[in-house]
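Student: Next input, structure requested:
(chains A, B, C and D)
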Protein chains: 2
Amino acid sequence: MKKTRLSPEAVKAKQAFESMKTACSNCNLRELCLPIGLADDELKKLDQLVSTRKRLKRGDHLYRAGQAFESIFAVRSGFFKTDVLIEDGRDQVTGFQMPGELLGLDGISNELHTCNAIALEDSEVCAIPFSQLEGLSRQIHTLQNHFHKVMSREIVRDHGVMMLLGTMRAEERLAAFLLNLSHRFKARGYSPIEFNLRMSRDEIGSYLGLKLETVSRAFSRFQDEGLLSVHQRKVCLLDPDGLHQLISHQRC
Amino acid sequence: MKKTRLSPEAVKAKQAFESMKTACSNCNLRELCLPIGLADDELKKLDQLVSTRKRLKRGDHLYRAGQAFESIFAVRSGFFKTDVLIEDGRDQVTGFQMPGELLGLDGISNELHTCNAIALEDSEVCAIPFSQLEGLSRQIHTLQNHFHKVMSREIVRDHGVMMLLGTMRAEERLAAFLLNLSHRFKARGYSPIEFNLRMSRDEIGSYLGLKLETVSRAFSRFQDEGLLSVHQRKVCLLDPDGLHQLISHQRC
DNA sequence: TCCTGTGTTTGATCCACGTCAACGCTCCCA
DNA sequence: TGGGAGCGTTGACGTGGATCAAACACAGGA
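Tutor: Residues are numbered from 1 along each chain as shown, chains lettered A, B, ... in the order given. Next up, the predicted model:
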């Protein structure tokens, strides 16, 4: 880093800029993330808490299973996966996180992270010290309730994945996965029908309880049937309704 | 109900008895349930909140998917399952709950229950009005933190089930399930090696992502191999270590 | 006591997905 | 320009668990 001498005014301006950058109140994800529904003065208090940001390169670990839990993280930009490894070599991707989503909630239970969080592309996260978040949520009713809803939503999401893993066939699983991504991209202002997958076939397979070859075959099959087009990681959903029918249809 | 006239003393004694019955402070599950680690005066406040109890007969619904969410429930006695139904007829058991465990956490997210909770035997639960619980946990730091840990533990548990459904074979799943029950019975002072299953083969299968025939075959196989004995729903784990090895072993 | 319904076990067969293997595409660096 | 690494695709084949079907065990009621 180059060191340059700045005038006091410039320093002050720079500080303001830095703090503006990291503030929830100026984050365009605030309606997707923790600050939903907070009043201005409440947002300011949250700003003070969420002052630490962290940049990660593709492939970096945000945290690892077994590390002490201190903060939860909000994805500001980029894309993550979380996975669990067990001693005998089995592993499973437990989720993919995109901007506005929280990482690390599983660490609260034992004050240890129970999974690995890995950046799938260059990313940025806001660290939210958990004990301070508890403190603030004792003061701000709205924040407390919203945080509870976020945790509860994670439980509901997990039930959805259990349903997927327990009752669906390969193509149904992939269709459900793609539609889920589609909704989440849409909520973030991106195209719900055309997007780049940030994860490999192997990672998709691990998340869906399938082998990578099966994922690849399902993609090919969907393409043959005109449901989507796929080239490498670029996907275009040509017939989202068709994909949806695939899931909600009775088994034949 | 017979109506009998009681002396004032008797009325008072009866009231004390009733309130003693419903109090967390006298509940022998308090170290497994919400009140963990609370001081005496804090426990008293919690007692006031948890005043409603509910009895259910085997087969009764505690709540149904879609109903308004108002309270979470602590199992006081008995046994529950939760399951999710989707329109096309698919369903999946998402969990089995025993005394000291909480039900309804998934309802917080949208203020609607997202699954059905059904008593598998005659049971009793304590209803904990959620908004009051939030209020109290703003006052009692210990309660707040403990509640967060309980929710987080549920997320970790769900990840375990995802791992089970995503990576394990039928016999591994059943072994993991039985060992999990075993630990939870042990924590409640029951025998960890001999217990009655409260759920049918079909319900076990639904939870484990298997058909009932597969569950039945796995039981028979375990019995043939001397790992356990099973007659109807009565199970005796003869070789828990053997079951454990089955899970942690590499695939051949 | 038999009868009926519900849940469980067991056998025979089938098929979706896993496994193994070969090959293709892209990107990167020598 | 060539070559190698990392992913992704496709084919051939095997298998674990689903499906279908029959018989059995047990509980509750007449």
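
Student: Which parts of the stretch 101-250 of chain A are helices?
Tutor: A:130-139, A:141-167, A:170-187, A:201-208, A:212-224, A:240-248 (DSSP state H, counting those that start in this stretch).

Student: Between these, which one is closest to B:Gln144.
Tutor: helix A:130-139 (6.0 Å; CB to CB). Every C-beta, even on glycine, is put in place using the N, C-alpha and C of the backbone.

Student: Relative to B:Ser152, which of the helices of the stretch 101-250 of chain A is closest?
Tutor: helix A:141-167 (7.2 Å).

Student: tell me how far that closest one is from the chain's mean position?
Tutor: Distance of helix A:141-167 from its chain centroid, counting by CA atoms, centre = their mean, to the nearest Å, is 13 Å.

Student: again, but for stretch A:99-119
Tutor: 11 Å.

Student: which ones are touching A:Ala119?
Tutor: Taking CB atoms under 8 Å, 6 or more residues apart in numbering or on different chains, we find A:Ala119 in contact with A:Leu56, A:Lys57, A:Arg58, A:Gly59, A:Asp60, A:His61, A:Leu62, A:Gly78, A:Phe79, A:Phe80.

Student: buried subset of those residues?
Tutor: A:Leu56, A:Leu62, A:Gly78, A:Phe79, A:Phe80 (16 or more other CB atoms under 10 Å in any protein chain shown).

Student: Now for these: which two are most distant?
Tutor: Within those, A:Leu62 and A:Phe79 form the most distant pair, 11.6 Å apart (CB to CB).

Student: hmm, back to that, same list (the buried ones among the contacts of A:Ala119) but as JSON lines, adding pLDDT.
Tutor: Putting the buried ones among the contacts of A:Ala119 into JSON lines (pLDDT from 0 to 100) gives the following:
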{"residue": "A:Leu56", "pLDDT": "94"}
{"residue": "A:Leu62", "pLDDT": "97"}
{"residue": "A:Gly78", "pLDDT": "96"}
{"residue": "A:Phe79", "pLDDT": "97"}
{"residue": "A:Phe80", "pLDDT": "98"}
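
Student: which residues touch the residue nearest to A:Gly66 when sequence neighbours are not counted?
Tutor: Nearest residue to A:Gly66 in three dimensions, chain neighbours excluded: A:Leu112, at 6.1 Å (CB to CB, 6 or more residues apart in numbering or on different chains). Taking CB under 8 Å, 6+ apart, we find A:Leu112 in contact with A:Ala65, A:Gly66, A:Gln67, A:Ala68, A:Phe69.

Student: Give me the buried entries from those residues.
Tutor: Buried subset of the contacts of A:Leu112 (neighbour count, 16+ other CB under 10 Å): A:Ala65, A:Phe69.

Student: Greatest separation within the contacts of A:Leu112: which pair is it?
Tutor: Spanning the widest gap among these are A:Ala65 and A:Ala68, at 11.5 Å by CB to CB.

Student: Am I right that A:Arg76 sits in a strand?
Tutor: Yes: the assignment for A:Arg76 by DSSP: H, G, I helix; E, B strand; the rest coil puts it in a strand.

Student: So what sits opposite the residue lying closest to it once chain neighbours are set aside in the bridge?
Tutor: Of all residues not flanking A:Arg76 in the chain, A:Glu124 sits nearest, at 4.4 Å (CB to CB, 6+ apart). With DSSP bridges as the criterion, A:Glu124 is bridged to A:Arg55, A:Ser77.

Student: In the sheet, which residues pair with the closest residue to A:Val125 other than its chain neighbours? Tell me.
Tutor: Computed as CB to CB, 6+ apart, the closest residue to A:Val125 that is not its neighbour in sequence is A:Phe73, at 4.3 Å. Following DSSP bridges, A:Phe73 is listed with bridge partners A:Leu103, A:Ala127.

Student: Quick check: A:Phe73 touching A:Leu62?
Tutor: Yes: contact criterion CB atoms under 8 Å: A:Phe73 and A:Leu62 qualify, at 6.2 Å.

Student: Common neighbours of these two, please.
Tutor: Joint contacts of A:Phe73 and A:Leu62 (CB under 8 Å, 6+ apart) are A:Lys54, A:Leu103, A:Ala117, A:Val125.

Student: Which one of those is nearest to DNA strand D?
Tutor: Of all the shared contacts of A:Phe73 and A:Leu62, DNA strand D sits closest to A:Ala117, with 17.9 Å by CB to the nearest atom of the strand.

Student: Report the beta-bridge partner residues of that closest one.
Tutor: A:Tyr63, A:Thr82.

Student: number of nearby residues for it?
Tutor: 26 (other CB atoms under 10 Å in any protein chain shown).

Student: near DNA strand D, which residues of the stretch 151-252 of chain A show up?
Tutor: Contact residues (CB under 7 Å from any atom of the strand) of the stretch 151-252 of chain A with DNA strand D: A:200-202, A:212-213, A:215-217, A:219-220, A:230, A:232-233, A:251.

Student: most neighbours, which of the residues you listed?
Tutor: Counting neighbours by other CB under 10 Å, A:Val215 comes out on top of these with 23 neighbours.

Student: how close does that one get to chain B?
Tutor: 13 Å (CB to the nearest CB, to the nearest Å).

Student: Which pLDDT value goes with that residue?
Tutor: A:Val215 carries a pLDDT value of 98.

Student: check contacts around the residue nearest the centre of chain A.
Tutor: With distances taken as CA atoms, centre = their mean, the residue of chain A nearest its centroid is A:Gln97 (1.5 Å). Under the criterion of CB under 8 Å, 6+ apart, the contact list for A:Gln97 reads A:Val75, A:Phe79, A:Phe80, A:Lys81, A:Thr82, A:Leu103, A:Ala117.

Student: From those, pick the one nearest DNA strand D.
Tutor: Among these, and counting by CB to the nearest atom of the strand, the member closest to DNA strand D is A:Lys81, at 12.9 Å.

Student: helix or strand right after the helix or strand of chain A with the lowest mean pLDDT?
Tutor: Within chain A, no helix or strand scores below helix A:8-22, which has a mean of 55 by mean pLDDT, DSSP states H and E. As assigned by DSSP states H and E, the chain's next helix or strand after helix A:8-22 is helix A:40-49.

Student: what distance separates that next one from the middle of the whole chain?
Tutor: Using CA atoms, centre = their mean, the offset of helix A:40-49 from its chain centre is 23 Å.

Student: quick one: buried residues of it?
Tutor: Those buried within helix A:40-49 under the rule 16+ other CB under 10 Å are A:Glu42, A:Leu43, A:Leu46, A:Asp47, A:Leu49.
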